[in-house]
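1. just to be clear, the model below is a prediction. Sequence and coordinates:
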Amino acid sequence: MSSSYGCARDFAETLPTEMSLKIFGELDARSLCRASATCRLWNAIIRDSQQLWRTQCLAIVALCRREVDADRGNGLSWKESLARNYIRSRLKLAWLRGRYSNVASASELRGRKMAPMDVDTWGDILQAELDR
């Protein structure tokens, strides 16, 4: 793409990797995954940064501490732990906020992404329901 100012360049090609990581660090998990699919350079920068994935994973720790701690204890990377627990954290948050408080039957949940949750998580959800 040319303009009167010269050839447009990708910021990741011109900036030091540390600066690109700061830019990518402003993205949420979904946007970060989409950015990694943009081009090989972005993918390499994002894929190889444990710090980016650690930051994203720590954002869900409040909802999935036991799961993340177990994953990390079993040697999984921050990225792997995020991938395993992202849907679970979104689902747990929805349950805790009462999104499924008035579900009359399992058929109302068809088409929704669900994830297995441990006994303690279900206890938290049931307590939230009792408190409503």
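-> Done, it's in.

2. quick one: average pLDDT of the helix or strand harbouring Ala70?
-> Assigned by DSSP states H and E, Ala70 falls within helix 50-73. Mean pLDDT, helix 50-73: 92.

3. against which helices or strands is that helix packed?
-> Secondary-structure packing of helix 50-73 (3 or more CB pairs under 8 Å, 6 or more residues apart in numbering; DSSP states H and E): helix 17-24, helix 29-36, helix 78-96. C-beta here means a position set from N, CA and C on the backbone, and glycine is covered the same way.

4. among those helices, which is the most enclosed?
-> Across these, the average number of neighbours (mean count of other CB atoms under 10 Å) peaks for helix 78-96, which reaches a mean of 19.

5. what does that one rub up against?
-> With CB atoms under 8 Å, 6 or more residues apart in numbering as the contact definition, helix 78-96 has outside contacts at 29, 47, 50, 53-54, 56-57, 60, 63-64, 67-68, 71-72, 76, 100, 113-117, 121, 124-125, 128.

6. Throw the helices and strands packed on helix 50-73 into JSON lines and include distance to Arg9 and mean pLDDT, thanks.
-> Output for the helices and strands packed on helix 50-73, formatted as JSON lines (distance: least, CB to CB, whole Å; pLDDT from 0 to 100):
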{"stretch": "helix 17-24", "distance to Arg9": "13", "mean pLDDT": "94"}
{"stretch": "helix 29-36", "distance to Arg9": "17", "mean pLDDT": "93"}
{"stretch": "helix 78-96", "distance to Arg9": "28", "mean pLDDT": "91"}
